[in-house]
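Visitor: The following block contains a protein sequence and its predicted model.
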Amino acid sequence: MKVGIPRKEMSYPANLPTAGSGRNPPFHRGRVGLEGRKREREFTVTRRSRTHFPAMLVLAVALVLLVGCSAGTDESFKGAAPGETTGPTVVGGKITVASNIAYPPFESSPRGAPKGFDIDLMNEIGKRAGFEVEYENVRFDSILRGIDADLFDAAISAMTITKEREQQIDFSDPYFNADQALLVGSDSEIQSVDDLTESSVGVQAGSTGQIKAEELLDDERIGEITPFRTIGEAFAALEEGKVEGVIYDLSATHRKIVANGGEIRFVESISTGEQYGIAFPTDSPLIDPVNRALVEIKDDGTYDKLYEKWIGMPPEEIP
């Protein structure tokens, strides 16, 4: 069983990442500064102070403001309950979400505005959690540093949840199973991976597909791996009969089948154990409302609709 807006025009880079290469930039320890400063926005997220001195300074200023503003007003203060040390969970307005908008079908900008599975999902989460999303297009390998330095309120960019990243930032609950897929020629008799014990499988060198194929080779479920410099070369070899199948990102399978005019077909998905999550600065108050919205989206059928719209097939399982 299945369980559980953009505000301005932006220009986006044309340097699309190599298909099947995965979204795993180098892991950065510590805080690395990025050019520019975080803009003032309508939306405010109160985070824990990173040093004692700034926290004391903020407290002193707050006390002065409260004393100065209390005279001549009957309005009661509607702040935190006694004992609370963090700010409100969500203050209506905007949040800034980082994304490398060059990775279809998750995020792309065919006409200048960001579109894709991640974009639709994050916008839907915002509607349910009570905030509006403003996207910042950044290099993928800068997202972790930007989140770690509090330059962004969140990031959604087909980012795999890993233990290394969780040492630096926090993640939402998983929202996508980043599986691989087996594709074969439309006239092939292959019906499952188990039919490849004496066959060669094409993969893109260095991709998640190659890693998974090597596991299958070790388990003697496929006969041989043929790596190619690009995934396009792997599919060309499939068309020429040089390999019996290709292991490729499940998320891009439907587009590849359509682009090849039905000359290839989907056989089955191959689980990798990798899952995508929405990234946040450590201890962000946005995590809980985002997770609650994700549960609703998964339970009421909205997730299925977004998945079919962008991936081209129903999800076999919802994370």
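Guide: It's in. Numbers count the residues shown, from 1 in each chain.
Visitor: Every contact and neighbour count from this point should use C-alpha atoms.
Guide: Will do.
Visitor: What are the boundaries of the helices in the stretch 151-300 of the chain?
Guide: 163-166, 208-218, 231-239, 253-259, 287-299 (DSSP state H, counting those that start in this stretch).
Visitor: Could you tell me the least trusted of those helices?
Guide: When the helices of the stretch 151-300 of the chain are compared on average pLDDT, helix 253-259 comes out lowest at a mean of 90.
Visitor: Would you mark the buried spots in that one?
Guide: By 16 or more other CA atoms under 10 Å, the buried positions in helix 253-259 come out as T253, H254, K256, I257.
Visitor: Backbone dihedrals for the residue nearest the centre of the chain, both of them.
Guide: Nearest to the mean C-alpha position of the chain, by CA atoms, centre = their mean, lies A158 at 2.9 Å. Main-chain dihedrals, A158, degrees, to the nearest 10: phi 50, psi 50.
Visitor: what about the nearest residue to it once chain neighbours are set aside, how many residues close to it?
Guide: Closest residue to A158 apart from its sequence neighbours, by CA to CA, 6 or more residues apart in numbering: Y276 at 5.7 Å. Neighbours of Y276 under the rule other CA atoms under 10 Å: 22.
Visitor: swap in V133?
Guide: Residues near V133, counting by other CA under 10 Å: 24.
Visitor: Over to N123?
Guide: Neighbours around N123, by other CA under 10 Å: 17.
Visitor: isn't there a strand covering it?
Guide: No. Under DSSP: H, G, I helix; E, B strand; the rest coil, N123 sits outside any strand and is assigned helix.
Visitor: what about the strands in this structure?
Guide: Here the chain has its strands, by DSSP state E, at 94-99, 132-137, 154-155, 170-171, 176-177, 180-185, 196-204, 222-228, 245-249, 264-270, 275-276, 279-280.
Visitor: on that earlier part again, can you add distance to F176 and give the helices of the stretch 151-300 of the chain back as TSV?
Guide: As requested, those are exported to TSV (distance: least, CA to CA, whole Å):
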stretch	distance to F176
helix 163-166	17
helix 208-218	16
helix 231-239	22
helix 253-259	15
helix 287-299	11
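Visitor: Surely Y175 touches G277?
Guide: Yes. Shown here, Y175 and G277 form a contact pair, counting by CA atoms under 8 Å, at 5.8 Å.
Visitor: who are the neighbours in contact with the residue nearest to the centre of the chain?
Guide: Residues near A158 by CA atoms under 8 Å, 6 or more residues apart in numbering: R23, F106, D118, Y276, G277.
Visitor: With I287 instead?
Guide: Counting by CA under 8 Å, 6+ apart, I287 touches F171, S172, F280.
Visitor: likewise Y307?
Guide: Contacts of Y307 were listed using CA under 8 Å, 6+ apart, and they are F117, M313, P314, P315.
Visitor: Next one, pLDDT for it please.
Guide: pLDDT, read off for Y307, is 97.
Visitor: go on, S99?
Guide: So S99 comes in at 96 (pLDDT).
Visitor: now the one 5 residues further on
Guide: According to the prediction, P104 has pLDDT 90.
Visitor: Quick check: it touching P114?
Guide: No. P104 is not in contact with P114 according to CA under 8 Å; the separation is 10.3 Å.
Visitor: Those two: which has the busier surroundings?
Guide: Between P104 and P114, counted using other CA under 10 Å, the more crowded position is P114 (26 against 22).
Visitor: Distance-wise, check the residue nearest to that one when sequence neighbours are not counted relative to A102.
Guide: Distances taken as CA to CA, 6+ apart place S108 nearest to P114, at 5.6 Å, with adjacent residues excluded. S108 sits 5 Å away from A102 when distances are taken as CA to CA, to the nearest Å.
Visitor: re earlier: so among the contacts of Y307, which ones count as buried?
Guide: Neighbour counting by 16+ other CA under 10 Å classes F117, P315 among these as buried.
Visitor: Pipe the contacts of Y307 into JSON lines and attach distance to D249 and pLDDT per row.
Guide: Below are these laid out as JSON lines (distance: CA to CA, whole Å; pLDDT from 0 to 100):
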{"residue": "F117", "distance to D249": "15", "pLDDT": "98"}
{"residue": "M313", "distance to D249": "13", "pLDDT": "91"}
{"residue": "P314", "distance to D249": "15", "pLDDT": "92"}
{"residue": "P315", "distance to D249": "14", "pLDDT": "93"}
